[in-house]
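Engineer: build me a model from this:
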Amino acid sequence: MNGTKIPATVITGFLGAGKTTLIRHMLANANGKRIALIINEFGDLGVDGDVLKGCGDEVCSEDDIVELTNGCICCTVADDFIPTMEQLLARENRPDHIVIETSGLALPQPLVAAFNWPGIKTQVTVDGVVTVVDSAAVTAGRFAHDHDKLDAQRQADAELDHESPLEELFEDQLTAADLIVLNKADLISDDDLNGVREGIFGHLSRKPAMIAARQGEVAPEVLLGLGVGTEDDIDNRKSHHELHHADGHEHDHDEFESFVVSLGTVGDMAGFTEGLKAVIAKHDVLRLKGFADVAGKPMRQVIQAVGGRIDTHFDRPWAKNEPRETRLVVIGLHDIDETSIRESLAQLAG
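Structural biologist: Predicted coordinates:
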């Protein structure tokens, strides 16, 4: 790689959009390309890193995966991201491509701007920013741009009282994009998909490329090799956050809270899954993910939930000396009832 900049792809998107699924598909079809992953998990949780380490592919060995768990990457660029990049670049066997998965709460703009850091700009370029969108959620109005539509649905969805800051974050992630992936397109009609597409374009001054996908299935040659050099165009992608900072305001994530729940063995997985749906609906949980220790099963079961949709699959056998437990990450808005949720989940596992 001497004399050639290493391309880096930033993959962003709201909670549950399917970023990890998209990356796993990319790794499974990398055809020998050595890819280094930088994963930013909100709230010091580390679940997505474990999922990716279970992929078993030679291009995502544990040495090529770095987790940044000290908070949102857009707020820890100097403390976490820059040193991580410097360590990757100092390695003798450098990667062919770097992929950065941001947390669902991260603003891409400060991260892209960090590629202009001395010592990094001469060695790495932002190949492109890929924003993954949950098309089904947008169709349902959960993260829509239209405030009138949000107001009309307030009675049906309590989260709409808090939707404005979430909507702002969603728009910032779209504003930074070079490629927008309309994921979960198989869950909605063609007319609804066109509506999502038109709605997004209607709120962007730039016109990034946009493709539809199901279950994160996008060919690596589409995701990688965009060749944009996004760090040189950052001034045209200002976020609400940056405009707010211009007035001297501080940025935080008080709208969101997350916590980890550790449970014992799950005896009835089907009943446990149905119970999770009830807990999610009752407490307006934005995202729930983790692993389950299922009685009588030698493999670890992955749980990924967005709203009322829950996906589960066995990803790998439990390691010989690995403690078996059920471990779930719960992410919600600032007024989420953690105590009640913990009690409800404990009853489900019991």
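Engineer: how far off centre is stretch 258-278?
Structural biologist: From the chain centre to the centre of stretch 258-278 is a distance of 22 Å (CA atoms, centre = their mean, to the nearest Å).
Engineer: give the buried residues for it.
Structural biologist: 258, 261, 263, 266, 272, 273, 275, 276 (16 or more other CB atoms under 10 Å). (Each C-beta comes from the backbone N, C-alpha and C, glycine too.)
Engineer: what do you get for stretch 31-41?
Structural biologist: For stretch 31-41, by 16+ other CB under 10 Å, it's 35, 36, 37, 38, 39, 40, 41.
Engineer: which one of those residues is nearest to residue 339?
Structural biologist: residue 41 (23.6 Å; CB to CB).
Engineer: next helix or strand past the longest strand along the chain?
Structural biologist: When the chain is parsed with DSSP state E, its longest strand is strand 124-134. Using DSSP states H and E, the helix or strand that follows strand 124-134 in sequence is helix 135-139.
Engineer: the residue lying closest to residue 231 once chain neighbours are set aside: what's it in contact with?
Structural biologist: Nearest residue to residue 231 in three dimensions, chain neighbours excluded: residue 115, at 4.0 Å (CB to CB, 6 or more residues apart in numbering). Residue 115 is in contact with 8, 121, 124, 125, 126, 230, 231, counting by CB atoms under 8 Å, 6 or more residues apart in numbering.
Engineer: hmm, 7 Å instead?
Structural biologist: Taking CB atoms under 7 Å, 6 or more residues apart in numbering, we find residue 115 in contact with 121, 124, 125, 126, 231.
Engineer: just residue 330 next, same as before
Structural biologist: Per CB under 7 Å, 6+ apart, neighbours of residue 330: 258, 259, 261, 285, 288, 341.
Engineer: try it again with 8 Å
Structural biologist: Under the criterion of CB under 8 Å, 6+ apart, the neighbours of residue 330 are 258, 259, 260, 261, 285, 287, 288, 336, 338, 341.
Engineer: hmm, residue 340 and the fifth one touching each other?
Structural biologist: No: contact status for residue 285 versus residue 340: not in contact, 11.3 Å apart, counting by CB atoms under 8 Å.
Engineer: neighbour count for the two, which is higher?
Structural biologist: Taking other CB atoms under 10 Å, residue 285 and residue 340 do not tie; residue 285 has more neighbours (20 against 12).
Engineer: which of the contacts of residue 115 are buried?
Structural biologist: Listed as buried from the contacts of residue 115 are 124, 125, 126, 231; burial here means 16+ other CB under 10 Å.
Engineer: of those, the lowest pLDDT goes to which?
Structural biologist: In terms of pLDDT, residue 231 ranks lowest among those, with 88.
Engineer: and the stretch of helix or strand residue 312 belongs to, what other elements does it pack with?
Structural biologist: Per DSSP H and E: residue 312 is located in strand 309-317. For strand 309-317, the packing partners by 3 or more CB pairs under 8 Å, 6 or more residues apart in numbering; DSSP states H and E come out as helix 269-283, strand 299-306.
Engineer: strands paired with the very next helix or strand once past that strand, and their directions?
Structural biologist: Note on strand 309-317: by DSSP H and E, the next helix or strand toward the C-terminus is strand 326-333. If you go by DSSP bridges, strand 326-333 pairs up with strand 256-263 (antiparallel), strand 287-292 (antiparallel).
Engineer: state the mean pLDDT of strand 326-333.
Structural biologist: Averaged across strand 326-333, pLDDT comes to 84.
Engineer: distance from the chain centre to the helix or strand following it, please.
Structural biologist: Using DSSP H and E, the helix or strand that follows strand 326-333 in sequence is helix 338-349. For helix 338-349, the separation from the chain centroid amounts to 25 Å (computed by CA atoms, centre = their mean).
Engineer: helix 338-349 - contacts with which helices or strands?
Structural biologist: Contacts defined by 3+ CB pairs under 8 Å, 6+ apart place helix 338-349 against strand 256-263, helix 269-283, strand 326-333.
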